[in-house]
Every structure is written in structure tokens, then in C-alpha cells.
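Participant: A predicted structure for the sequence below; I have some questions about it.
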Amino acid sequence: MEKPPLPNDEDGSVLAESRSDTALVAADEEGSAGADGPEDDRPAWDSKLQYVLAQVGFSVGLGNVWRFPYLCHQNGGGAFMLLYVLLLLIIGVPLFFMELAAGQSIRQGSIGVWKHISPRLAGIGYSSCMVCFFVALYYNVIIAWSLFYMGNSFQYPLPWEQCPVDMISNQTVKECASSSPTSYFWFRKALDISDSIDQSGEFNPIMTGCLLAAWALVCLAMIKGIKSSAKVMYFSSVFPYAVLICFLIRGVMLDGAVEGIKYMFYPKLEIWGEVQVWRQAATQVFFALGLGYGSVIAYSSYNPVHNNCHRDAIMVSGINFMTSVLASLVVFVVLGFRAKNIALGCVAAMAGMATTGSSEHWWPWFNISDPESVTLQDYREWYSHYGNLLGSNITDCDLEREMSKGVEGTGLAFIAFTEAMALFPASPFWSTLFFLMLLNLGLSTMFGTMQGILTPLMDNFRVLGRHKTMLTVCSCILGFFIGLLFTQRSGNYFVTMFDDYSATLPLIIVVVFETFSVAWIYGADRFLDDVEVMLHWRPPVIYCYLWKYVCLLGMVGLLAASLLRMVFKRPTYTAWNHTMGSETSLEYPGWALVMLSMLIIVASLPVPIGYLLSFLRGGRSLPVEEGEIEPPRERYSKCNSAEPEPNNHHSPLDEDRNRPRSTFLPLGAEHYRLLPQQEEGEEEEDTGL
């Protein structure tokens, strides 16, 4: 599948327009011109719907279900949403549009795209591949967890509804009694977790089998490239929405749903003054759209060259945000129901203590003969007046405190949500539905992540391009064997390490270099010129300024904030203490700090190495060197959107043909405008749904 390379000039830079006019016309008419030449055998999406589902499936993942609701809950509810929308519009959408346009115009993976701008930038693509590989390693473990829970959902009652009984002492297992049935099932039955990352322990055989099944699913779905994965997307991308809507309809009928929604959306605008909140909102925007992975570029590279990628960027970003809002509604109506049940149980227990005579003189407001009749509001009001006069036996029954427990990451999906579903009528049905939804969310994101690895490698290495199936199978086998690190008893701690450190900083570094290379090395105005040629209309000029200043400064600020947080706050992880039956925060040991540092370095290292190697080989960092003849670019040289002046000074064809010039589009703008335009109906067929 590897295309023949274009001839290089004496400095090693690719001459993007070194072909004859006849070849250019032929390539464009076939709609398959790549960065390096005609690409007749490059696969393509069967329909626009397939492509949209693939992009939505990749960008909408598990983070929409458990990370976004947690951030809303912790950072001011509706105020955080407004901040998120602001950053999505001024940073997320422009960068997402930039990656879509780059992949679609050059029709290459991440390595080929940045190498096309300059040979010294090829390391950006290799860093993207490395990060995708790290993410795929631990993300598939989460899919394995979902498989395990889904398999255990086909029984009644659910195995995490009640604490088990010790067969020897005939008493409730102490670890479960100290925590909760759902926490015990998660930490002991599913993970069989150790007390710290230092205690590796043996492999978990059941979870190892689930991981093997997860990699087998990914391999089978991707073994034929986008032709096979796209068909799976029809189900894996749409099914989660059906489940979320079902949960929302069921959830709003539960007692406590209103309290959950109020708790989520109540705005606390004072949080806008906290730097940490801005950092978390920017990070969520960054990861929600999948920027820097190379998967967005890979998916868009299979599009027709005239596809309206600007509309796609706005549409996918909007769908992503609305999905986060929908998931947050579902999460908080369920958490509200769970918290209300726990709080009412607490009130009944405290009122019950009054009936024993130990606290009767403190209950003049209530009918102590019927503890169940005591309302939560009455109890809270009474406790606010007399609570400080009571002993430790009488406690506050705080609904908000219960809402805040276990709402982040795996704690939300595998502890809090499972506890709430155990209270549902027909709980096995809802549990199976929920974990099947998590499975599909995880798989659709995994397909995009793997595509971010495979597409660049196949596009840039001839041998790998000819053996797609073998590359896919070998990648999955390698991922499984390295993923065994996560199936040992301390595996969950390594998942946390990879999630926190193998992707965050390297991806931010990658996007900083991407933005700088497009906005300043290649030129934002030149990029808009090429996008105009591709789309047949010019995007708003504001993108030029957003790429050059707002997005770049925003990403540099996010990088600085993340680095400072690592420097001034020693990295920690949450460990499970089986003796106490609770979680505790521990600092990473020295060897773990070295390991997480190596993850960041290894993922980021290709960028400087690629630049250094290209420099030593005599490559160029700029598209045009001093002394070369650059074609006139005065039309949009200052990021203006004025109508182009007619250009009557055409160079002779032979002279124009030999002009060394780098461009994002494989076809020069002047040549392209001389080509016959497609019929309106034909163009709509390429770009319409």
C-alpha cells in the first residue's frame, strides 16, 4: 500500500508539486491524490455516515461517562460547563478542524502529515503513535473489566448486592463489612488487589482471560482495516446512546433524581477564579476530542478530498459535548437515587436509636414510634440545632456527602453505579445493559486508538503497508503480552500510572508542536489557502488568529501548569487497604517515579530525535529556504479574508513545474483552479450524509 516517494531536492525536502500537469489532473479526478503521489489502492469510507460514526465513536468514550460528570460535580456544576464550552469553542474546535483538514488534504497518517510539512517534524507523528500504543495498553484493560462485570450480571441477585459470609467463622467477611458489598466485589473479587504498588503478587487468571478476550475483539474488528471496523461502528457507536436514553428515562422516575440534577447543575461562578479549574477544563476539552493521538488524522485521511471537514469538526465537537451532558444527567440522577437511599437509611437508623431510649430526650420534633416517618429535611434541621450536643453515635445524614463519594473514574462505574443498580427492579437487566454500554464505548475508542498506530505505520513503511492483516494481528498480540502488567494484583495501580502520566504530558507536547508547525512554520494563512482550495470556500479568518495565538498560548499554558503540578506536588496514587476496608493515598516509590518519568520521556523523545536526525542529514525546518523562488502569496499573507485579486502574471508551465515549493495540498492552488469543476450533484455525493 506504500506509495512511491516523490523526488527530494538536494536538502532532502519533499517537492510536493514535482509531477506533471497531466499527472496532477489524473490524480485529482480519481480523488485519491496523497502527499506522495497517486494512491489508487487507498481504502475509503463506504459512506459519510460511517466516517461520522467512527469519529464520534473515537471521541466519545469512557471519559464522557465518568470523567466529565466528576469534573462538573467538583468544579461548580453549571459554571464548569460554561467554562468547558468556552474553551471548546476557542481551543478545541480550531485544533480539531486543523487535524481533520491536515489528514484529509494529505491523505496520510500522523507521521506522513507532519513529515510533509517538514522532514524535521516527522517525530511528531512517531510520538503520537507511541502515545496511542501506551493508551491502548491500559484502555483495553478497562474493556476487560467491563467484560468481567457484564459476565457477572447474568445472575440474580447480583454478586455485589450483599457481603459474603466466611465459611469458617460463619460471619460476614470483615473486609466487606468495613467497606461495602460493591467495593469489596471490585477490589477483592474483580481485581484481587494488593495493598500497594510494591506488592505485585501473582497474575489474576480471570482478568487475564478477559484481557485476552478484549484484544481478540479488537483484532477481529480491525483485521481488515477500516472496512471491517467501520461496520462494527454502526453498533458500537450508536448503542451507547440508546442505553443512556433508557437509563435517563428510568432514572428520572427514581426518588432522589431531582436532587441529583440540582446538585450537578447548580452554578458556582466563583470557581472561575481558580487556575486549577481552568487546567482541568482545558485538559478535558483536549482529551474529549482526542487531539494529538493521530487517530483524528488517520480517520480523515480516508475521506474524499473535497469533504466538508469544517462542518465535521463543528458537528463532532457538538455531539461530543451533548453526549457528555447526557451522560452527566444519567450519572447524577442515578447517584441522586443512590445517595437518597443511603441518607434515608441513615435517618431511619438514627431515629431507631431514639426508640431504644438512648436519645429520647433529643427527639421532641419526631414521632419516635415510627422512625420511618422521619424525613431527611426534618432530621437535617434538627441535627443542625442539636448535633453538637450529641455523642459520636448520632451522626449527620448528609445527602451531598453521599453524592460526592465514588464519583471519579472506575469508582463511578464499578462501585457507585453498581451499588445504585443493585437497588433497581430487575437489576441484572440494567447491570448487563450498563456494562454492555461501557464495552461498546471502550471498543469504539480502541478502534480509533489502534487506527492512530496502524495507519501511520502502513503509510510510511512499504513492507507493513503490504501486510495489513499481519501488522494488526502482531500489534494485538504484543499489546496483550505487555498488558499482562495490568492483570497482576497490583495492576490497577499501573493502570492509574499510565492514565495519569503516559498520555497527558506527551500529548500536550505533541499538540503544541502541531499547532506551532501549522501556524508559524508552515503559516496559518497558507494553511487557510490550501483549505480553501480543498473545500471550494474559505473558512472564517478568525481561525488564523486562533491557531497562531489563542490555541498555541493555551496549550503552552496547559503544559506549564501540568509540569508545575508535577514538580510541586509529588505524584500519588490511591491504594486499597484491605485491613481497614478503605482507600488511602500513597506516594509512588522511587522505582515507580523512574518508570512514570520514562513513560513521559519515551513518548516525547521522538520529537527532538526526529528534528536532530533531519538536521544532521541536511533536512530543512522551513518549507522554503532563503534564495528559493517562492510563488506570490500576497493574497492572504496577513490572514485577511478579502476577495483574492485576479492574478494575470502566470509563469510558463515548465518554469512553474520546476519551482521547489512545499504545500499542504498535494496539488498546487494555481494548477487546481485550472481543473474542470465537478458537477454540483457529484460534489454533494462526496460530502453529504
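Facilitator: Looks like it came in fine. Numbers count the residues shown, from 1 in each chain.

Participant: show me what the mean pLDDT comes to for stretch 544-555.
Facilitator: For stretch 544-555, mean pLDDT is 91.

Participant: centre of the chain to that stretch, how far?
Facilitator: Distance of stretch 544-555 from the chain centroid (CA atoms, centre = their mean, to the nearest Å) equals 21 Å.

Participant: before we move on, what about stretch 111-122?
Facilitator: Distance of stretch 111-122 from the chain centroid (CA atoms, centre = their mean) equals 24 Å.

Participant: next: stretch 243-261.
Facilitator: A distance of 25 Å separates the centroid of the chain from that of stretch 243-261, by CA atoms, centre = their mean.

Participant: show me what counts as buried in that stretch.
Facilitator: Of the residues in stretch 243-261, 243-244, 247-248, 250-252, 254, 256-257, 259-261 count as buried by neighbour count, 16 or more other CB atoms under 10 Å. All C-beta atoms are positioned from the backbone trio N, CA, C, and that covers glycine.

Participant: how about those residues in a markdown table, adding pLDDT?
Facilitator: Output for those, formatted as a markdown table (pLDDT from 0 to 100):
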| residue | pLDDT |
| --- | --- |
| Val243 | 88 |
| Leu244 | 88 |
| Phe247 | 87 |
| Leu248 | 88 |
| Arg250 | 86 |
| Gly251 | 83 |
| Val252 | 86 |
| Leu254 | 81 |
| Gly256 | 81 |
| Ala257 | 82 |
| Glu259 | 79 |
| Gly260 | 81 |
| Ile261 | 82 |
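
Participant: of the residues you listed, closest to Thr584?
Facilitator: Gly260 (27.7 Å; CB to CB).

Participant: picking up where we left off before, mind putting the buried residues of stretch 243-261 into JSON lines with distance to Phe494 and secondary structure?
Facilitator: Listed next are the buried residues of stretch 243-261 as JSON lines, based on distance: CB to CB, whole Å; DSSP: H, G, I helix; E, B strand; the rest coil:
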{"residue": "Val243", "distance to Phe494": "29", "secondary structure": "helix"}
{"residue": "Leu244", "distance to Phe494": "30", "secondary structure": "helix"}
{"residue": "Phe247", "distance to Phe494": "31", "secondary structure": "helix"}
{"residue": "Leu248", "distance to Phe494": "34", "secondary structure": "helix"}
{"residue": "Arg250", "distance to Phe494": "36", "secondary structure": "helix"}
{"residue": "Gly251", "distance to Phe494": "34", "secondary structure": "helix"}
{"residue": "Val252", "distance to Phe494": "39", "secondary structure": "coil"}
{"residue": "Leu254", "distance to Phe494": "37", "secondary structure": "coil"}
{"residue": "Gly256", "distance to Phe494": "36", "secondary structure": "coil"}
{"residue": "Ala257", "distance to Phe494": "37", "secondary structure": "helix"}
{"residue": "Glu259", "distance to Phe494": "37", "secondary structure": "helix"}
{"residue": "Gly260", "distance to Phe494": "33", "secondary structure": "helix"}
{"residue": "Ile261", "distance to Phe494": "36", "secondary structure": "helix"}
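
Participant: go through those residues and name the one nearest Ser585.
Facilitator: When the buried residues of stretch 243-261 are ranked by distance to Ser585 (CB to CB), Gly260 comes first, at 26.8 Å.

Participant: quick one: contacts for the closest one?
Facilitator: Gly260 makes contact with Phe332, Val333, Val334, Leu335, Gly336, Phe337, Ala339, Met403, according to CB atoms under 8 Å, 6 or more residues apart in numbering.

Participant: give me the buried subset of these.
Facilitator: By neighbour count, with 16+ other CB under 10 Å, these hold Phe332, Val333, Val334, Leu335, Gly336, Phe337, Ala339, Met403 as buried.

Participant: make JSON lines out of the contacts of Gly260 and add pLDDT and distance to Leu220.
Facilitator: JSON lines is the format used below for the contacts of Gly260 (pLDDT from 0 to 100; distance: CB to CB, whole Å):
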{"residue": "Phe332", "pLDDT": "84", "distance to Leu220": "36"}
{"residue": "Val333", "pLDDT": "86", "distance to Leu220": "36"}
{"residue": "Val334", "pLDDT": "83", "distance to Leu220": "33"}
{"residue": "Leu335", "pLDDT": "81", "distance to Leu220": "35"}
{"residue": "Gly336", "pLDDT": "82", "distance to Leu220": "39"}
{"residue": "Phe337", "pLDDT": "83", "distance to Leu220": "38"}
{"residue": "Ala339", "pLDDT": "80", "distance to Leu220": "41"}
{"residue": "Met403", "pLDDT": "70", "distance to Leu220": "40"}
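
Participant: out of those residues, name the ones that lie in helices.
Facilitator: Judged by DSSP state H, these include Phe332, Val333, Val334, Leu335, Gly336, Phe337, Ala339, Met403 as members of helices.

Participant: wait, which of the buried ones among the contacts of Gly260 is closest to Met322?
Facilitator: Of the buried ones among the contacts of Gly260, the one sitting nearest to Met322 (CB to CB) turns out to be Phe332, at 15.8 Å.

Participant: the closest one contacts Tyr263, doesn't it?
Facilitator: Yes. When contacts are counted by CB atoms under 8 Å, Phe332 is listed as touching Tyr263 (6.5 Å).

Participant: what touches both of these two?
Facilitator: Taking CB under 8 Å, 6+ apart as the criterion, Phe332 and Tyr263 both touch His73, Met403.

Participant: what's Ser301 sitting at in phi/psi?
Facilitator: phi -70, psi -10 (degrees, to the nearest 10).

Participant: over to Asn577?
Facilitator: phi -100, psi 110.

Participant: surely it meets Ser585?
Facilitator: No. Between Asn577 and Ser585 there is no contact under CB under 8 Å: 10.7 Å.

Participant: so which of those two has more stuff around it?
Facilitator: When Asn577 and Ser585 are compared for neighbours, Asn577 comes out ahead with 16 against 8, by other CB atoms under 10 Å.

Participant: for the closest residue to the more buried one other than its chain neighbours, give the beta-bridge partners.
Facilitator: Leaving aside its chain neighbours, Asn577 sits nearest to Thr584 (5.3 Å; criterion: CB to CB, 6 or more residues apart in numbering). According to DSSP bridges, the residues that bridge with Thr584 are Ala575.

Participant: residues touching Thr584, list them.
Facilitator: In this structure, Thr584 makes contact with Thr574, Ala575, Trp576, Asn577, judged by CB under 8 Å, 6+ apart.

Participant: how far out from the middle of the chain is stretch 535-550?
Facilitator: Computed by CA atoms, centre = their mean, the separation of stretch 535-550 from the middle of its chain amounts to 25 Å.

Participant: now do the end-to-end distance for that stretch.
Facilitator: 24 Å (CA to CA, to the nearest Å).

Participant: contacts for it?
Facilitator: So stretch 535-550 is contacted by 90-91, 94-95, 97-98, 306, 308-310, 515, 518-520, 524-525, 527-528, 531-532, 639-641, 683 (CB under 8 Å, 6+ apart).

Participant: restricted to strands, list these.
Facilitator: Taking DSSP state E, every one of the contacts of stretch 535-550 sits outside strands.

Participant: now, of those, which are buried?
Facilitator: Among those, those classed as buried by 16+ other CB under 10 Å are 91, 94-95, 97-98, 306, 308-310, 515, 518-519, 524-525, 527-528, 531-532, 639, 683.
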